[in-house]
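Student: turn this into a structure:
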Amino acid sequence: MAVLRQRAQLLARIRAFFADRLVMEVETPVLAGAGVTDPHLQNLTTTCHLASEAAPRTLYLQTSPEYAMKRLLADGSGPIYQICKVFRDGEAGRLHNPEFTMVEWYRPAFDYQDIMEETEDLLRYTLGVSHCDRLAYAEAFRRHAGFDPHTATLATIRDAAACAGVRVSDSKTLGRDEWLDVVLSHSLAPKLGTDRPVFLCHYPASQAALARIVPGEPPVAERFEVFINGIEIANGFHELTDPAEQRQRFEADNAHRISVGLPVMPSDERLLAAMESGLPDCSGVALGFDRLVMIASGCRLLSEVQAFPIDIA
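Tutor: The predicted structure follows:
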C-alpha cells in the first residue's frame with residue numbers, strides 16, 4: 001500500500017507541474033476506429049454493437065493517445081497533456097504489462113531542445129534528479145557496442161548481438177533496425193543512465209516513427225529516449241506535421257507488416273485530415289508512468305507498482 005500512496009503522490013506532482021506551466025489536461029478515447037500501423041506495436045481490439053449499425057464495429061484499444069491529441073492540437077487546443085491507460089498486446093514481463101499508464105504531452109512552438117529541457121525539468125520535479133546527460137545514438141553504439149550503427153553491415157550488427165549472448169528464435173524475419181534494437185536493448189540499455197538520466201538522441205531516420213528527419217549525412221530523426229538505471233522511461237519527438245509524409249510512413253509500416261506476416265492496419269484518416277487542416281509545429285513526449293514509479297520507489301518489477309497487474313486483474 002505504501003507504493004500505491006507514492007504512486008498517488010507522483011500523479012499529484014505531475015498534475016501540479018503542468019498546471020503551473022498552464023498546460024491543459026485533456027481526455028481522449030481509449031477505444032477508436034483506427035489502431036497503430038507501427039510493426040513493433042500490436043493493438044488489442046474489441047467488437048462494439050451499435051443500435052444504429054447493422055454490423056458490429058471493430059474498435060482498437062489505443063497504444064498511445066497520440067493520434068487523438070494531435071487532432072486536438074490541430075483544432076487549436078494549445079499545450080496539452082494527458083495521464084491515461086494504454087494497451088499493447090503481447091507485452092508482459094519485468095518492465096511490461098498489457099495495460100499501463102502513460103503521461104503524454106505536446107507543446108506547440110517547442111523544438112527538439114525545448115522539449116528535452118522540459119522533460120528534464122519534470123524528472124527533476126518528480127524524482128529529484130540534479131542533471132541529465134545527452135548522448136547521440138551513434139556515439140552510444142560506438143562506445144558500448146564497438147560499431148557505428150549508421151554504417152555497420154548487417155553481419156556486424158548480428159555479430160554484436162551474438163557477442164552479447166542474444167539468441168533470436170526467428171532471426172530471419174528481423175531487418176536492420178530490429179537487429180539494432182536487439183543490440184540496444186541487450187548491450188547498451190543496461191549501461192545507460194546508471195549515474196544520472198541520459199537522453200539518447202538523434203535516432204536513425206529509419207527509426208523516426210512520427211518524428212521529423214534532419215537532412216544530413218547520415219540523416220537523423222529528431223527523436224530521443226530517456227534511460228534511467230538501464231530502463232527506457234520516455235520517448236520524445238519533434239513532431240512530423242506533413243500529412244503526405246505521414247501517409248507514406250503509414251503505408252511503409254503496412255508494407256513491413258505484410259513482409260513479416262502481421263495484419264495490415266487501417267491508417268488513421270481522422271489524424272491525416274487533422275494534419276491537412278494544419279497541425280502546428282510542436283514537440284511531444286510519452287512517458288511510462290509505471291516505470292517512473294518503479295524508479296522512485298526502488299521496485300524491480302512493474303507489477304510491484306500496479307494495484308492489479310495482468311496476472312491478478
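
Student: could you pull out the strands for the stretch 1-150 of the chain?
Tutor: 24-25, 31-32, 44-48, 57-61, 80-87, 99-108, 133-136 (DSSP state E, counting those that start in this stretch).

Student: hey, which of those strands is tucked in deepest?
Tutor: strand 99-108 (a mean of 22; mean count of other CB atoms under 10 Å). From N, CA and C alone the C-beta is placed, and that goes for glycine too.

Student: for the strands of the stretch 1-150 of the chain, give me a markdown table that also has distance to Pro197.
Tutor: Converted to a markdown table, the strands of the stretch 1-150 of the chain look like this (distance: least, CB to CB, whole Å):
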| stretch | distance to Pro197 |
| --- | --- |
| strand 24-25 | 25 |
| strand 31-32 | 32 |
| strand 44-48 | 31 |
| strand 57-61 | 30 |
| strand 80-87 | 20 |
| strand 99-108 | 15 |
| strand 133-136 | 7 |
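
Student: among these, which is nearest Met1?
Tutor: Nearest to Met1 among the strands of the stretch 1-150 of the chain is strand 99-108 (17.9 Å), distances taken as CB to CB.

Student: got a list of contacts for the closest one?
Tutor: 14, 18, 23, 64-66, 69-70, 73, 78-88, 114-115, 118, 239, 280-290, 292, 302, 306, 310, 313 (CB atoms under 8 Å, 6 or more residues apart in numbering).

Student: how does it look with 6 Å?
Tutor: Contact partners of strand 99-108, identified using CB atoms under 6 Å, 6 or more residues apart in numbering, comprise 14, 65, 69, 73, 79-83, 85-87, 280, 282-287, 289-290.

Student: and that strand, average pLDDT?
Tutor: The average pLDDT within strand 99-108 is 98.

Student: what separates it from the chain centre, distance-wise?
Tutor: 9 Å (CA atoms, centre = their mean, to the nearest Å).

Student: what's the angle from that strand to strand 80-87?
Tutor: 150 degrees (axes from the mean of the first three to the mean of the last three CA atoms, to 10 degrees).

Student: list the neighbouring strands of strand 99-108 plus their orientation.
Tutor: strand 80-87 (antiparallel), strand 282-288 (antiparallel) (DSSP bridges).

Student: hmm, who's touching the first one?
Tutor: Where contact means CB under 6 Å, 6+ apart, the residues beyond strand 80-87 that reach it are 18, 23-26, 44, 61-65, 99, 102-106.

Student: remind me, longest helix of this structure?
Tutor: In the chain, assigned by DSSP state H, the helix with the most residues is helix 2-20.

Student: so what secondary structure elements neighbour that one?
Tutor: Helix 2-20 sits against helix 112-127, helix 289-297, with contacts defined as 3 or more CB pairs under 6 Å, 6 or more residues apart in numbering; DSSP states H and E.

Student: ok, which of the strands paired with strand 99-108 comes nearest Phe199?
Tutor: Taking CB to CB, strand 282-288 is the member of the strands paired with strand 99-108 nearest to Phe199, at 10.8 Å.

Student: next, the angle helix 289-297 makes with that closest one.
Tutor: Computed by the same axes, to 10 degrees, the angle between strand 282-288 and helix 289-297 is 60 degrees.

Student: figure out which of the strands paired with strand 99-108 is closest to Ala152.
Tutor: strand 282-288 (28.4 Å).

Student: mean confidence score for the closest one?
Tutor: For strand 282-288, the mean pLDDT works out to 98.

Student: which residues of the stretch 51-200 of the chain fall in helices?
Tutor: Ranges of helices in the stretch 51-200 of the chain, per DSSP state H, counting those that start in this stretch, are 66-74, 112-127, 137-144, 154-163, 176-183.
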